[in-house]
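Colleague: no FASTA, just this:
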């Protein structure tokens, strides 16, 4: 195993017993850093301090991560043009805020017999939003719902 001392210097490849003796001589602990790969990497450190620093780093990483919000817009197969425009504006607002949008078209009763109308409505909705959104998941029938997922375009320059 590769052993690193408390100053960050490599002590080289040592046996497990030799590494433990070096750690005890320094009155510190031998901590496993990585066991992936060909060589196991260990470090001679104060374990309490090591745990504290790792916990602080995890908190910092958690604070800096961005949470993507999911929003939903519901349609019906025979939705009116004005209602469709309102849903598009709402979806556009969600996308501008950076949210991922689920576009869900619900079939009721005998509407399941004419699924093509629903697919056409969904296609029209997605086509209208293609300038501000990218399709993450193509429309797919899921029970009595036709679902698609869209998200804001990532590589868009300001002012486009």
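Modeller: Arrived safely, thanks for sending. Being a predicted model, the structure only gives us computed values, none of them experimental.
Colleague: List the buried residues for stretch 99-115?
Modeller: For stretch 99-115, the neighbour count (16 or more other Cβ atoms under 10 Å) marks 99-105, 107, 111 as buried. From N, CA and C alone the C-beta is placed, and that goes for glycine too.
Colleague: Just the endpoints, please. Distance across it?
Modeller: The straight-line separation of the ends of stretch 99-115 (Cα to Cα, to the nearest Å) is 28 Å.
Colleague: Show me what the top strand by length along the chain is packed against.
Modeller: As assigned by DSSP state E, the longest strand anywhere in the chain is strand 133-142. The contact analysis (3 or more Cβ pairs under 8 Å, 6 or more residues apart in numbering; DSSP states H and E) places strand 133-142 against strand 100-106, helix 115-128, strand 145-152.
Colleague: Run the chain-centre distance for the shortest one.
Modeller: Per Cα atoms, centre = their mean, to the nearest Å, the displacement of strand 100-106 from the mean C-alpha position of its chain is 19 Å.
Colleague: relative to helix 115-128, how tilted is that strand?
Modeller: 150 degrees (axes from the mean of the first three to the mean of the last three Cα atoms, to 10 degrees).
Colleague: oh, and call the first residue 41 from now on, that's how I've got it
Modeller: In the new count, where the first residue is 41, that last one comes out as strand 140-146.
Colleague: From the contact counts, what lies against strand 140-146?
Modeller: Packed next to strand 140-146, using 3+ Cβ pairs under 8 Å, 6+ apart, are strand 110-115, helix 121-136, helix 155-168, strand 173-182, strand 185-192.
Colleague: How far does stretch 150-163 sit from its chain's centre?
Modeller: With Cα atoms, centre = their mean, you get 31 Å for stretch 150-163.
Colleague: Which residues does stretch 164-179 contact?
Modeller: The contact list for stretch 164-179, computed with Cβ atoms under 8 Å, 6 or more residues apart in numbering, reads 115, 124, 127-128, 131-132, 135-136, 140-141, 143, 145, 159, 162-163, 186-194.
Colleague: gap between residue 167 and residue 173?
Modeller: As judged by Cβ to Cβ, to the nearest Å, residue 167 and residue 173 stand 11 Å apart.
Colleague: more neighbours, these two?
Modeller: Taking other Cβ atoms under 10 Å, residue 167 and residue 173 do not tie; residue 173 has more neighbours (21 against 9).
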